[in-house]
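Participant: Compute the structure for the input listed below.
(2 chains)
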Amino acid sequence: MSEFKIARRETDNIHVLELKGYLDAHTAPKLEEAFQTLLKDERYRIVVNCKDLSYISSAGLGVFMAFIEDVRKNQGDIKLSNLSAKVYNVFDLLGFPLLYDIVPDEAEAVRRFFDATRPSR
Amino acid sequence: MKFRRLFSLGSALLLLLAVFVIDLIRKNVDPEVGGLSIVRDLMLVGAFIQIALVLRAVLAHRAPNPIRKLGLALIATASMLLTTMLLRMAPGAGFDAKNFALLPLDYATQFAASLLGFTFSVFGVIVILLLAELVLFKRKRSTLRNYRIFLVLLALTALSTLTLLPLESSVVTGILFGLAVAFAIINSFRLSWIVYLTKREKVFSLLYGFCLFGCFTVINIIIGQSGPTQEALLYYSLPMKQVVSLACIFGNVYFGMTFVSTLFHLPTAEAFERKTTEISSLHNLSRLVTQVFDFQELVETVSTMTLQVCEARSCWLELLHPFAGTAPAGSSAAVAAAGYHVEVVGMKNITTEEIDDLLSNRRHALREEVFAGRKPLVVDDVRRDPRFAHLKRGSTRVASMIVVPLISHTGPLGILYVTKENEYGFFKDDVDVVSAFADQATVAIENSRLIKKSIERERLLREMMLAQEMQRKLLPQSLPDLAVLDLAALSTPAFEVGGDYYDVLRIDDHRLGIVVGDVSGKGVSAAFYMSEVKGIFQSLGKLYPSPREFMIKANEALADSIDKHSFISLIYVVVDLTSGTLTLSRAGHCPLLLVSGGTGRYVRPPGMGLGLSRGATFAGSIEEQTIALREGDLCVLYTDGVTEARRGDDEFGYDRLLETAVRAHAGSAAGVKEEILDNVKRHAEQEAHDDDLTIVVLKWRGGNGVRHIVSSLAETVR
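Facilitator: Residues are numbered from 1 along each chain as shown, chains lettered A, B, ... in the order given. Next up is the predicted model:
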């Protein structure tokens, strides 16, 4: 039941985590580990693609909360993309859209990273 | 039992006395007269059979150990020899031999002969009984058979002389006597008890055997020669004379064999003794496997016994303590790489410094080597072994050692080191026994750890039960019973304790606050936050009657204590009982379900969860909404345990919840609550209940008589 997988990709120095399956209290440590690895390598521009994420519990949401502060302190961000209606509803219920950049697709998320950095250069 | 013995002894005594009286009367009469001699002999035989029975019972518990039996035999034999010598000096004219009969010449002779006959007969019985116990030690089937044949031959020899006169002899008796002697010799090869003696006992056995052999030889010479002693015995009783002769020959041969056999066993005594120690130590250790409550004691015993079994100089144990994740601070690189740290325990005759000197930096390599090999490593000569090249000449007294891995089915547990001060100190059997020993120790240590773990688990379980009890007390013990508002609530944790929360608070005389919340995560940490929320609600609820304001203040109150990946979702409704309105704010929680006029809808004012953000962002997100209640309106507050109850991938969901509530809305609050719970359970019947679940149902009864309502609220809600 608690099948959960993470695939990691990199495009243009932006790191994409593709989540698949159920993200709950049992599988949350996996995601936590993935974020920890990214932060250790000082990768702060992160997109989480939730195309195949079928369920997220409050413990799963907590993982995002745990890292956002550190990531933003380092001029990075965690953007969420491709959320299914059901998963989006969970995020929305808690008010995550107020805190996170949640966009329809991954390309848009990547583009936003560049939009944000270009004016500052 | 005692009575029977007394009776046997009494009857034997009476018989003997009778015989003595008969002898006195017919002092000068030929024994052949009137067949009286047969009766007399039978009486004597009967008497000694009784005596034998009593003696057997007495001797059976007297000397459990073969050496003590030999001692007893020696005392008896020496006494017998002494008695014989003394009686030979007794005054008397002797016997007159006439027609194969012996006639005492005076009463002194007769008396002395009777006494000697009696003593010798008792002695014969004792010898046979003692020999029986020695012969039958560790008996086989043939042992008992051979011994019984000897006894039967002995009896037949004795009985064959019943009709004979003292100085007569017959071929039959001769043949039987010869056969009996042959079986005495055969039985004399049964000396298995010697093997089990300790070295000290063997020395005693040698000594006793020699003395006994000597005494019996003298006795046999005395009774074999024609002389006063032989005459006395022949006169006393011909059958008993046969018994005595055979017993003495048996004793002579047996103890002769004892002496010789012990002599041959003496050189191997030490080895045998060692084996016995090994076996008994192993046996003790296997018993130790069950004594696992005191780990220190266990380790102590293991090392003490190791020293004992192979007579080693010193020994110690290394126990591995695996750690999860990263190595504890201050541990060496080798330790970090190995994934365990090592504890040295049960040191015997060696200090930590000596061990450090001996093993130095080779410790880890040595360990890896024995764990890889999974069998004991024998170092015959430490000073010449390449593994110990780091040792300086004369820096250690250890000359040879065994390194035995303790490996359980879960992996390496530790290592047992055993050392000696001579090179090539460990033979193959030492290695075998230490290995066997190590296996037992492994099981014991493993068990001890498991028991410790399970005790710990038991304790935790109890703590959790207590926590559950405490948490249940944090939820309202009863709900206010109001005329205008019907309330029902239920909360069940997924584990022992949970993160769901609901509460009811009287804000003032006409307003009632009802809150439902869910702390992120489950279990103990969630339970702690839940109790914190309870405190916040009880204290801030009255101060901030506006749900929105309450949420903002609660968020501030929580901000300092909540950790960054936790958050709390709350929904807070304030029901004004006089105006019939319901005001709510939602902080990231599931929307309120409202069924009004037979149709249901979700009421979802915006608002983010508590603990997600501070200050303005949070305050900006929270809104407040007011609903005018109509008679029969139904409100359902719940946690995601309801909507996320799953069957496979299919969640119970908002639609089913709404349908259920609409279908049941005509009933009481409790009825609606039950209906929802039933449907959720039915939906998720195959799945384990894996989320906390809370349902609070409000049903507005409405109607007039506000004043009455207010007073009832004041009474019931404290």
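Participant: From residue B:617, how far off is the one residue in chain B that gets nearest to chain A?
Facilitator: Of all residues in chain B, residue B:608 sits closest to chain A, at 2.4 Å by Cβ to the nearest Cβ. All C-beta atoms are positioned from the backbone trio N, CA, C, and that covers glycine. Note on residue B:608: its distance to residue B:617, by Cβ to Cβ, to the nearest Å, is 8 Å.
Participant: ok, the two, which is more surrounded?
Facilitator: When residue B:608 and residue B:617 are compared on other Cβ atoms under 10 Å in any protein chain shown, the one with more neighbours turns out to be residue B:608, at 27 against 13.
Participant: Tell me which residue in chain A sits closest to chain B.
Facilitator: Proximity of chain A to chain B (Cβ to the nearest Cβ) peaks at residue A:95, 2.4 Å away.
Participant: what's near enough to touch that residue?
Facilitator: Contacts for residue A:95 (Cβ atoms under 8 Å, 6 or more residues apart in numbering or on different chains) come out as B:587-588, B:606-609, B:612, B:621.
Participant: Who does the residue positioned nearest the centre of chain A form a beta bridge with?
Facilitator: What sits nearest the mean C-alpha location of chain A, by Cα atoms, centre = their mean, is residue A:48, with 3.2 Å. Applying DSSP bridges to residue A:48 gives these bridge partners: residue A:17, residue A:80.
Participant: isn't it right next to residue A:78, touching?
Facilitator: Yes. Using Cβ atoms under 8 Å, residue A:48 is in contact with residue A:78, at 6.3 Å.
Participant: which residues touch residue B:295?
Facilitator: The contact partners of residue B:295, by Cβ under 8 Å, 6+ apart, come to B:445, B:448, B:452.
Participant: Compare these and tell me which is most surrounded.
Facilitator: Scoring the contacts of residue B:295 on neighbours with other Cβ under 10 Å, the highest-scoring entry is residue B:445 at 22 neighbours.
Participant: Can you tell me the closest non-neighbouring residue to it?
Facilitator: Among residues not flanking residue B:445 along the chain, residue B:413 sits closest, at 5.6 Å (Cβ to Cβ, 6 or more residues apart in numbering or on different chains).
Participant: Could you name every residue contacting both of residue B:608 and residue B:617?
Facilitator: Shared contacts of residue B:608 and residue B:617 (Cβ under 8 Å, 6+ apart): A:98-99.
Participant: any idea which helix or strand of chain A has the worst average confidence?
Facilitator: Across the helices and strands of chain A, mean pLDDT, DSSP states H and E gives its lowest value to helix A:106-117, namely a mean of 84.
Participant: what's that helix in contact with?
Facilitator: Helix A:106-117 has contacts (Cβ under 8 Å, 6+ apart) with A:11-12, A:14, A:16, A:45, A:47, A:49, A:77, A:79-82, A:101, A:103.
Participant: for stretch B:172-190, same thing?
Facilitator: Residues outside stretch B:172-190 that contact it (Cβ under 8 Å, 6+ apart) are B:131, B:134-137, B:139, B:143, B:146-147, B:149-150, B:153-154, B:156-157, B:160-161, B:164, B:242, B:245-246, B:249-250, B:253-254, B:256-257.
Participant: Give me the subset of those residues lying in helices.
Facilitator: Among the contacts of stretch B:172-190, the ones falling in helices (DSSP state H) are B:131, B:134-135, B:143, B:146-147, B:149-150, B:153-154, B:156-157, B:160, B:242, B:245-246, B:249-250, B:253-254, B:256-257.
Participant: Name the residues of stretch B:293-312 that come out as buried.
Facilitator: B:295, B:298-299, B:301-303, B:305-310, B:312 (16 or more other Cβ atoms under 10 Å in any protein chain shown).
Participant: same deal with stretch A:93-100?
Facilitator: A:93-96, A:98-100.
Participant: measure that stretch end to end?
Facilitator: The first and last residues of stretch A:93-100 sit 13 Å apart, counting by Cα to Cα, to the nearest Å.
Participant: on that earlier part again, with secondary structure and pLDDT added, can I get the contacts of residue A:95 in JSON lines?
Facilitator: Shown next, in JSON lines, are the contacts of residue A:95 (DSSP: H, G, I helix; E, B strand; the rest coil; pLDDT from 0 to 100):
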{"residue": "B:587", "secondary structure": "strand", "pLDDT": "94"}
{"residue": "B:588", "secondary structure": "strand", "pLDDT": "92"}
{"residue": "B:606", "secondary structure": "coil", "pLDDT": "93"}
{"residue": "B:607", "secondary structure": "coil", "pLDDT": "93"}
{"residue": "B:608", "secondary structure": "coil", "pLDDT": "92"}
{"residue": "B:609", "secondary structure": "coil", "pLDDT": "92"}
{"residue": "B:612", "secondary structure": "coil", "pLDDT": "88"}
{"residue": "B:621", "secondary structure": "helix", "pLDDT": "92"}
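Participant: What is the most widely separated pair among these?
Facilitator: Within those, B:606 and B:612 form the most distant pair, 13.2 Å apart (Cβ to Cβ).
Participant: okay, the two: which has more neighbours?
Facilitator: Counted by other Cβ under 10 Å, residue B:606 and residue B:612 do not tie: residue B:612 has more neighbours, with 29 against 17.
Participant: residues contacting the closest residue to that one other than its chain neighbours?
Facilitator: Once flanking residues are discounted, residue B:612 sits nearest to residue B:567: 5.0 Å by Cβ to Cβ, 6+ apart. The contact partners of residue B:567, taken as Cβ under 8 Å, 6+ apart, are A:58, A:61-62, A:65, A:94, B:519-520, B:588, B:609-612.
Participant: Buried subset of those, written for ChimeraX?
Facilitator: In ChimeraX, this line selects whichever of the contacts of residue B:567 come out buried by 16+ other Cβ under 10 Å:
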select /A:58,61,62,65,94 /B:519,520,588,609,610,611,612
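Participant: Could you tell me which of the contacts of residue B:567 belong to strands?
Facilitator: residue B:519 (DSSP state E).
Participant: out of the contacts of residue B:567, who's nearest residue B:355?
Facilitator: Of all those, residue B:355 sits closest to residue A:62, with 48.7 Å by Cβ to Cβ.
Participant: Can you verify my assumption that the closest one contacts residue B:566?
Facilitator: Yes. Contact status for residue A:62 versus residue B:566: in contact at 5.9 Å, counting by Cβ under 8 Å.
Participant: Quick check: residues of the stretch 601-718 of chain B near chain A?
Facilitator: Applying Cβ under 8 Å from any Cβ of the partner chain, we find that the stretch 601-718 of chain B lies next to chain A at B:606-609, B:612-613, B:617, B:621, B:640, B:644, B:649, B:651, B:687, B:691.
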